[in-house]
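**Student:** Show me how the following folds:
(2 chains)
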Amino acid sequence: MQRDQTGDRSRESGVEGSNAADAHLPSPVSRLPSSLRPGFWFALPALAVIAAFFVVPVAAALLLSFTDFDIYAIADVRTLRLTWGANYVRLIHDPRFWTALKNTAYFVVVGGPLSVATSLAAAMLLNTRMLRFKGFFRTVFFLPVVTTLVAVAVVWRYLYHPRFGLLNYGLAWLGFQPVDWLGDPRWAMPAIILMAVWKNFGFNMIILIAGLQSIPERYYEAARLDGAGGARQFRYITLPLLAPTFFFVTIMTMIGYFQLFAEPYVMTQGGPADATLSLVLLMYEEGFRWWNLGFATAVAFALFAIILTATLLQFGVSRLRAQPGG
Amino acid sequence: MKRALQTTLLYGLLCVGVVLTLLPLLWMVSASLMPSGEANAIPPRLLPSHVTFEHYRDLFTRLNLGRYTLNSVYLATTITSIAVLLNAMAGYAFAKLPFRGRDRTFQLLLAALVIPGQVSTLPLFLMLKGFGLVNTYWGVVIPGMASIFGIFLVRQYAQSIPDSILDAARIDGAGELRIFRSFVLVLCLPVLVTLGIFTFLGVWNDFLWPLIVLTDRDLYTLPVALANLVGEHVQDTELMMAGAVLTVLPVLVLFVALQRYYLAGIMAGSVKE
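**Tutor:** Predicted coordinates:
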């Protein structure tokens, strides 16, 4: 806003502009006549796409969640009725919503930390100074990240096969009983978590490696001179200095894991006995299988509210920790 | 002595990690080359008794996977070209070309990043249905034409373009479009390659949206077709694995070839402060 005004004023004093205006002008473009202001036109196409196909639908979703929009409304919009909070009341009384919430929370609370811990372990191994073939190891660990989820979910389904699967074969070799990974309600979610960790750990690993590399080597040298061992170096140097990166990685992983969908869709269809039904899967089923779009958008907004709350909580916790003596 | 032990332990752990990471992918390739039935043997086989390409032939002749591959390639290239251009223009404007309300708009965009994409899915579907775009390629292309992340990525990079270059061009009488084409696009090439790979991989791997929008079989992308095949040919393990290889291989090759740009993009995206 302010920049525009200075731009307009300097226009009056010619293209060269006054020195006073120059001081806080980010670029001479703002000295162009306002009718030419090219920045707006450059940004317009992308902003229009985002406004029309993201902002408007999000606002519409909020409105839809207060209506009984269903398959009849798709055929004839006039049957649409405003029902205010009815969808949200129904949500609270729907046992499948609570099942989906519990399963999603299980995936986030167990799978999230497991993923980040695996990423951190891999990052620390790869950050060892004397290690050779770093690029090779890094590339290999990153490969699952770029693979197509649907395709690798198909592969893992076979690895988890109770009779023919490699996983049970390996477990039998170690002396364990076979497990019906995707058929047993107790094991289906752990199986999905295991696959998710395999698929995702490489992503956070890259970010954590960058974080580790930004810690000055002289801190470790000083600690070694003082006789601190590996564990204490990790506790008193690595962890505190890695904290910002670690925090970023944790938040992003949490937000991503709340949106669990394709894994259960392809591997279990939410089963057995709804043991892997996630919130997004519930939204998909309600919306695109039963066409209860009003109810489905209420599920979507409940998910959004949960993610937002969890994110703010994380920020709160990290701020408390950052305070001295906290 | 202690040093030698540590080194052995380090490489030992890393090798175990490499085996565990690669095993599902290698088994996928190996099983796709096995004669029918061999992937469901007891004890499980790691390698085919003899290599056969019959399943790949099946996929292309009987199951029309060539069509789905072309659909995926077409959609990924179209969206990538449009998205890179639009995000580059907007990212450059947000970095270098002031306009009214620019900074506030950018802050709003960043705040909108916390909204999960699924929230917009259902109304977006109704909107596109209203425009008659459901079950067309455009239904997939249009929502992907610009992204907040893409604008953010380009903006970060474009801020490092020296103003003097742009000014010099302006003094020489070059128009803004000309400057964008001849200087900005060239100077931002690394980040545009990064953005291009991100977009391409994202579109190629996307599942939820094409699943919703494309109902006509002939328009299916590879992941949707594969998920559909699983429903129909679940017993045919080797065939499924061939389909999985076909879906995954192009993105793996693309990543290995251009990983420098891809990894740089992740780091840039994570340094928000």
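
**Student:** which SS class is the residue nearest the centre of chain A?
**Tutor:** If you average the C-alpha coordinates of chain A and look for the closest C-alpha using C-alpha atoms, centre = their mean, you land on A:Gly256, 2.2 Å from that point. Under DSSP: H, G, I helix; E, B strand; the rest coil, A:Gly256 falls in the helix class.

**Student:** OK, contacts around the nearest residue to it once chain neighbours are set aside?
**Tutor:** Nearest residue to A:Gly256 in three dimensions, chain neighbours excluded: A:Asn200, at 7.8 Å (C-beta to C-beta, 6 or more residues apart in numbering or on different chains). Glycine gets a C-beta too; all of them are placed from N, C-alpha and C. With contacts defined as C-beta atoms under 8 Å, 6 or more residues apart in numbering or on different chains, A:Asn200 is in contact with A:115, A:144-145, A:253, A:256.

**Student:** what's the pLDDT at A:Asn200?
**Tutor:** pLDDT, the model's per-residue confidence, is 95 for A:Asn200.

**Student:** same check, this time on B:Ser36
**Tutor:** pLDDT, B:Ser36: 88.

**Student:** Would you confirm that it contacts B:His233?
**Tutor:** No. The pair B:Ser36 and B:His233 fails to qualify as a contact (C-beta atoms under 8 Å) at a distance of 11.2 Å.

**Student:** Overlap in contacts, those two.
**Tutor:** The contact lists of B:Ser36 and B:His233 share B:Leu239, where a contact means C-beta under 8 Å, 6+ apart.

**Student:** if I pick A:Gly202, what's in contact with it?
**Tutor:** Taking C-beta under 8 Å, 6+ apart, we find A:Gly202 in contact with A:119, A:122, A:141-145, B:21.

**Student:** B:Val18: neighbour count?
**Tutor:** If you count neighbours by other C-beta atoms under 10 Å in any protein chain shown, B:Val18 ends up with 14.

**Student:** Could you do the one 10 residues further on as well?
**Tutor:** Taking other C-beta under 10 Å as the neighbour definition, B:Met28 ends up with a count of 25.

**Student:** same deal with B:Ile171?
**Tutor:** Neighbourhood size, B:Ile171 [other C-beta under 10 Å]: 10.

**Student:** Show me which positions of whichever strand or helix holds the residue nearest to A:Gly256 end up buried.
**Tutor:** Using DSSP states H and E, the secondary-structure element containing A:Asn200 is helix A:185-213. For helix A:185-213, the neighbour count (16 or more other C-beta atoms under 10 Å in any protein chain shown) marks A:187-212 as buried.

**Student:** got it, and stretch B:188-198?
**Tutor:** Applying a neighbour-count criterion of 16+ other C-beta under 10 Å, one finds B:188, B:191-198 buried in stretch B:188-198.

**Student:** could you pull out the helices for the stretch 101-250 of chain B?
**Tutor:** Counting by DSSP state H, counting those that start in this stretch, one finds helices in the stretch 101-250 of chain B at the ranges B:102-112, B:118-130, B:137-141, B:148-158, B:163-171, B:176-179, B:185-187, B:189-205, B:208-213, B:222-232, B:237-270.

**Student:** Next, format those as CSV and append mean pLDDT.
**Tutor:** CSV is the format used below for the helices of the stretch 101-250 of chain B (pLDDT from 0 to 100):
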stretch, mean pLDDT
helix B:102-112, 91
helix B:118-130, 91
helix B:137-141, 95
helix B:148-158, 92
helix B:163-171, 91
helix B:176-179, 92
helix B:185-187, 92
helix B:189-205, 93
helix B:208-213, 92
helix B:222-232, 89
helix B:237-270, 88
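
**Student:** need those helices in JSON lines with distance to A:Tyr160, can you?
**Tutor:** Shown next, in JSON lines, are those (distance: least, C-beta to C-beta, whole Å):
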{"stretch": "helix B:102-112", "distance to A:Tyr160": "38"}
{"stretch": "helix B:118-130", "distance to A:Tyr160": "26"}
{"stretch": "helix B:137-141", "distance to A:Tyr160": "31"}
{"stretch": "helix B:148-158", "distance to A:Tyr160": "33"}
{"stretch": "helix B:163-171", "distance to A:Tyr160": "56"}
{"stretch": "helix B:176-179", "distance to A:Tyr160": "55"}
{"stretch": "helix B:185-187", "distance to A:Tyr160": "47"}
{"stretch": "helix B:189-205", "distance to A:Tyr160": "21"}
{"stretch": "helix B:208-213", "distance to A:Tyr160": "23"}
{"stretch": "helix B:222-232", "distance to A:Tyr160": "14"}
{"stretch": "helix B:237-270", "distance to A:Tyr160": "13"}
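
**Student:** Can you tell me which of those is nearest to A:Asp180?
**Tutor:** When those are compared by C-beta to C-beta, helix B:237-270 sits nearest A:Asp180, at 17.5 Å.

**Student:** relative orientation of that closest one and helix B:222-232 in degrees?
**Tutor:** Following axes from the mean of the first three to the mean of the last three C-alpha atoms, to 10 degrees, one obtains 150 degrees for the angle between helix B:237-270 and helix B:222-232.

**Student:** Helix B:237-270 close to chain A?
**Tutor:** Yes. Under the criterion of C-beta under 8 Å from any C-beta of the partner chain, chain A is reached by helix B:237-270 at B:237, B:240-241, B:243-245, B:247-248, B:251-252, B:254-256, B:259, B:262-263, B:266-267, B:270.

**Student:** That helix vs helix B:189-205, what angle?
**Tutor:** Computed by the same axes, to 10 degrees, the angle between helix B:237-270 and helix B:189-205 is 140 degrees.

**Student:** Show me which parts of helix B:237-270 are buried, residue by residue.
**Tutor:** Along helix B:237-270, the positions that meet the burial threshold by neighbour count (16+ other C-beta under 10 Å) are B:237-252, B:254-255, B:259, B:261-266, B:268-270.

**Student:** so how far is it off the chain centroid?
**Tutor:** In terms of C-alpha atoms, centre = their mean, to the nearest Å, the centre of helix B:237-270 is found 8 Å from the chain centre.

**Student:** again with stretch A:127-143
**Tutor:** Relative to the centre of its chain, stretch A:127-143 is centred 25 Å away, using C-alpha atoms, centre = their mean.

**Student:** Same check on stretch A:143-156?
**Tutor:** In this view, stretch A:143-156 has its centroid 17 Å away from the chain centroid, taken as C-alpha atoms, centre = their mean.

**Student:** tell me the phi and psi of A:Thr67?
**Tutor:** When quoted as degrees, to the nearest 10, the phi and psi of A:Thr67 stand at phi -120, psi 170.

**Student:** Same question for A:Leu182.
**Tutor:** Listed backbone geometry of A:Leu182 is phi -100, psi 0, with angles given as degrees, to the nearest 10.

**Student:** List the residues that contact it.
**Tutor:** Neighbour list for A:Leu182: A:157, A:160, A:188, A:191, A:267-268, A:272 [criterion: C-beta under 8 Å, 6+ apart].

**Student:** hmm, 10 Å instead?
**Tutor:** Remark: with contacts taken as C-beta atoms under 10 Å, 6 or more residues apart in numbering or on different chains, A:Leu182 is in contact with A:156-157, A:160-162, A:165, A:188, A:191-192, A:264, A:267-268, A:271-272, A:275-276.

**Student:** now A:Gly294
**Tutor:** Applying C-beta under 10 Å, 6+ apart, we find A:Gly294 in contact with A:63-70, A:73, A:80-83, A:86-87, A:90, A:286-287, B:122.

**Student:** That one - nearest residue in space that isn't next to it in sequence?
**Tutor:** A:Gly294's closest residue in space is A:Phe69 (C-beta to C-beta, 6+ apart), at 4.0 Å.

**Student:** Now name the helix or strand holding the one you found.
**Tutor:** A:Phe69 is part of no helix or strand when elements are defined by DSSP H and E.

**Student:** what about it, neighbour count?
**Tutor:** Here the neighbour count serves as a burial measure; for A:Phe69 (other C-beta under 10 Å) it reads 28.
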